[in-house]
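Q: what's the 3D shape of this:
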Amino acid sequence: MNLTVLAASGRTGIALTRQALERGHCVTAIARHPERIALPDSANLRKVAGDVNDAVGIAAVVNSDSVVLSALGTDQAGTLLTGARAVLAASRSG
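A: Residues are numbered from 1 along each chain as shown. Below you'll find the model as predicted:
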């Protein structure tokens with residue numbers, strides 16, 4: 001299964017990404033600073049720079065066949081809603 005993890009550099013995002021990789025999934029891990037995704041390189045892991053406040057940028061990264069997992073956490077200044085809108089924009093463009 002193809003998975004995309006939003007906010008992959010935080011504790012929850014790293015845990016989701018690690019568990020998905022352990023289960024054999026292909027993961028696109030999105031973070032503003034992908035170098036902070038503290039997981040070893042893997043053929044099934046793609047670390048990508050992205051910000052949910054940039055819907056066009058997220059749309060360019062999310063594959064139409066991916067399941068999107070959000071690790072954005074608590075909603076501060078509308079981040080969760082912005083992330084959801086970015087994913088919807090990606091699904092419409094794919």
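Q: Give me the pLDDT for the residue found closest to residue 35 once you drop the neighbours it is linked to in the chain.
A: Distances taken as CB to CB, 6 or more residues apart in numbering place residue 47 nearest to residue 35, at 7.8 Å, with adjacent residues excluded. C-beta: built from backbone N, CA, C; applies to glycine. In this model, residue 47 is scored at 97, pLDDT.
Q: Look up phi and psi at residue 47.
A: phi -90, psi 130 (degrees, to the nearest 10).
Q: Poorly predicted segments of this structure, please.
A: Residue ranges of the chain with pLDDT under 70: 74-85, 87-94.
Q: Run a quick neighbour tally on the residue nearest to residue 35.
A: Applying other CB atoms under 10 Å, we find 20 residues neighbouring residue 47.
Q: ok, now residue 40?
A: 7.
Q: and it, what helix or strand is that in?
A: Counting by DSSP states H and E, no helix or strand carries residue 40.
Q: Could you pull up the contacting residues of the residue nearest to residue 35?
A: By CB atoms under 8 Å, 6 or more residues apart in numbering, the contact list for residue 47 reads 8, 29, 31, 34, 35, 37.
Q: Spatially, and excluding backbone neighbours, which residue is closest to the second one.
A: Pointing back at residue 29 there. residue 8 (3.5 Å).
Q: what do you get for the third one?
A: On the basis of CB to CB, 6+ apart, the spatially nearest residue to residue 31 that is not a chain neighbour turns out to be residue 9, at 3.7 Å.
Q: Helices along this protein, start to end?
A: Taking DSSP state H as the criterion, the chain carries its helices at 11-22, 55-61, 79-93.
Q: Quick check: buried residues in the shortest one?
A: Neighbour-count burial for helix 55-61, with 16 or more other CB atoms under 10 Å as criterion, is recorded at 55, 57, 58, 59, 61.
Q: and which of those residues is nearest to residue 73?
A: residue 58 (16.8 Å; CB to CB).
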